[in-house]
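Colleague: need a structure here:
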Amino acid sequence: YTFLLWASITPMILSSIRLRTNLHSSVRGAGLGAAICPRRRGHRSSHAVSSTTRAVVRMAAQDKLFRTNPRIILGSKSQIRRELLQELGDKHGFSYSVMTADIDEKAIRLARSEDLVLALAHAKAKAIREKLSREEADRKPDPTDFPTILITCDQVVDHCGKILEKPESREEARENLLSYSTAPARTVASVVCSNLDTGYTCEGVDCSEVYFNQIPDPTLEKLLDDAITYQVAGGLCIESSLVAPLVKSLAGSMDSVQGLPKELVKRLLLEAYNSGNA
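Modeller: This next block holds a predicted model:
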């Protein structure tokens, strides 16, 4: 009987040993051996988990742009700028509200595209500051308030030295669009960040170049029928499903071409924020 009993349980013991060996090998092969199979006596798996958690927390803290949460206002009507700033806010842990300046942009004329976009961004900032002053005239100042930072932007397309703004007619849009296959369209985007509590203002300009293939006539007519063509500088809406296939190459960044260069915005936001948090 003893022999028969030993013979019956031996395969079960060997199977258990093989199972544990395979489990150990597969776990270590997956890079989890330190957590489930500690190498040192007294080492607990919870230590490995807590170290990983601390690393994630540190990464999250590094990704957060501000020590406190400033009130950020985007002074723009542009939907694409709002979406781009939302992406930046989601990544770096801040939110924002929107105001519009409603200025007469045609009243400001300068020869250099870089000078023009900066002047327009500053004019928008001035108009919004005045609007805020009227709206908040009766509000008592609160010393615990976080700083208010205003972002204003502008953009033009510079094509062979000619400044192209939002086309005002079908013929103007046609002329702009056809010209892009002869020479690259240079987008010039400005960003102005104003700390409304300290009065500090910083600015920057970012440029990109877009090279286009020839626009087929049917595509050109569809673009001329599209309302978005008349709402963007030079009629150049690069994110459009009609325009994107025509792009041969891009020297610069897509967000800059779209009107909100995110790296420039991030740098200027920090500079404006730190002007009141030294």
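Colleague: where does the stretch 151-278 of the chain have low pLDDT?
Modeller: Scanning the stretch 151-278 of the chain for pLDDT under 70 picks out 276-278.
Colleague: helices along that one, start to end?
Modeller: Taking DSSP state H, counting those that start in this stretch as the criterion, the stretch 151-278 of the chain carries its helices at 170-179, 217-225, 254-257, 262-274.
Colleague: among these, which is nearest Thr100?
Modeller: Smallest distance to Thr100 across the helices of the stretch 151-278 of the chain (C-beta to C-beta): 18.0 Å, for helix 262-274. Quick note: C-beta positions are derived from backbone N, CA and C, even for glycine.
Colleague: off-centre distance for that closest one?
Modeller: 12 Å (C-alpha atoms, centre = their mean, to the nearest Å).
Colleague: can you start the count at 267 instead of 1 from here on
Modeller: Let's use 267 as the start, then, which means that last one is helix 528-540.
Colleague: now do that helix: which elements does it pack against?
Modeller: On a contact count with 3 or more C-beta pairs under 8 Å, 6 or more residues apart in numbering; DSSP states H and E, helix 528-540 meets helix 345-358, strand 414-425, strand 451-461, strand 467-478.
Colleague: comparing the ones you listed, which comes out most buried?
Modeller: strand 451-461 (a mean of 26; mean count of other C-beta atoms under 10 Å).
Colleague: quick one: strands adjacent to it?
Modeller: As defined by DSSP bridges, the strand partners of strand 451-461 come to strand 414-425 (antiparallel), strand 467-478 (antiparallel).
Colleague: measure Asp424 to Lys390 for me?
Modeller: Per C-beta to C-beta, to the nearest Å, Asp424 is found 20 Å from Lys390.
Colleague: hang on, I meant Ile504
Modeller: Noted for Ile504: a distance of 23 Å to Lys390, by C-beta to C-beta.
Colleague: from what I see, Val423 and Pro450 are in contact.
Modeller: No. Look at Val423 against Pro450 with C-beta atoms under 8 Å: they stay out of range, at 10.1 Å.
Colleague: and for these two, which residues touch both?
Modeller: Common contacts of Val423 and Pro450 (C-beta atoms under 8 Å, 6 or more residues apart in numbering): none found.
Colleague: still on that earlier bit, now distance to Lys372 too, for the helices and strands packed on helix 528-540, in a markdown table please.
Modeller: As requested, the helices and strands packed on helix 528-540 are exported to a markdown table (distance: least, C-beta to C-beta, whole Å):
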| stretch | distance to Lys372 |
| --- | --- |
| helix 345-358 | 20 |
| strand 414-425 | 12 |
| strand 451-461 | 17 |
| strand 467-478 | 21 |
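Colleague: Asp368: which of these is closest?
Modeller: Of all the helices and strands packed on helix 528-540, strand 414-425 comes closest under C-beta to C-beta, at 12.3 Å.
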